[in-house]
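**Student:** What would the 3D arrangement of this be:
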Amino acid sequence: MHFLIKALTFNIKYKRMNWVLLIIAGLFEVAFAACLGKAKEATGTESTYWYIGFLVCLGISMGLLLKVTQHLPIGTAYAVWTGIGAVGTVLVGIFIFKEPATFWRLFFITTLIISIVGLKVVSH
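**Tutor:** Have a look, this model is predicted:
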């Protein structure tokens, strides 16, 4: 009985870790989008460094997404990953690149966040 409880506890912790890794993968998606924006603004060697940052963040994001889809449903994992990337990229655009924060942009970002949380809640 003790072994069964320990195995179930490990499985729950392992599943949580996949969600943590998925969130980290989404944050790296935001980072690679931000690197593209900064590379567009930069010139010369600085631009090259931003493109290298883009490639590094892209690799990490995709690698983590690949890992978590081995344990989480692909549809849910991909939707959460892209949702984090979309929300994060819009926020980076607003706060870093001074893009407009209109009512409708914020409204739809809010509905996207609610949808991401909903997918997490209904996933098994």
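
**Student:** Which neighbouring elements make contact with the lowest-mean-pLDDT helix or strand in the chain?
**Tutor:** The weakest-scoring helix or strand in the chain, judged by mean pLDDT, DSSP states H and E, is helix 2-41 (a mean of 81). For helix 2-41, the elements it packs on are helix 44-68, helix 74-95, judged by 3 or more C-beta pairs under 8 Å, 6 or more residues apart in numbering; DSSP states H and E. The way it works is simple: take the backbone N, C-alpha and C, and place the C-beta from them, glycine included.

**Student:** Distance of the residue nearest the centre of the chain relative to residue 46?
**Tutor:** Centroid-nearest residue in the chain, with C-alpha atoms, centre = their mean: residue 26, separated by 1.0 Å. Going from residue 26 to residue 46 by C-beta to C-beta, to the nearest Å gives 26 Å.

**Student:** returning to what we had before: distance of the residue nearest to the centre of the chain from residue 86?
**Tutor:** For residue 26 relative to residue 86 (C-beta to C-beta), the value is 9 Å.
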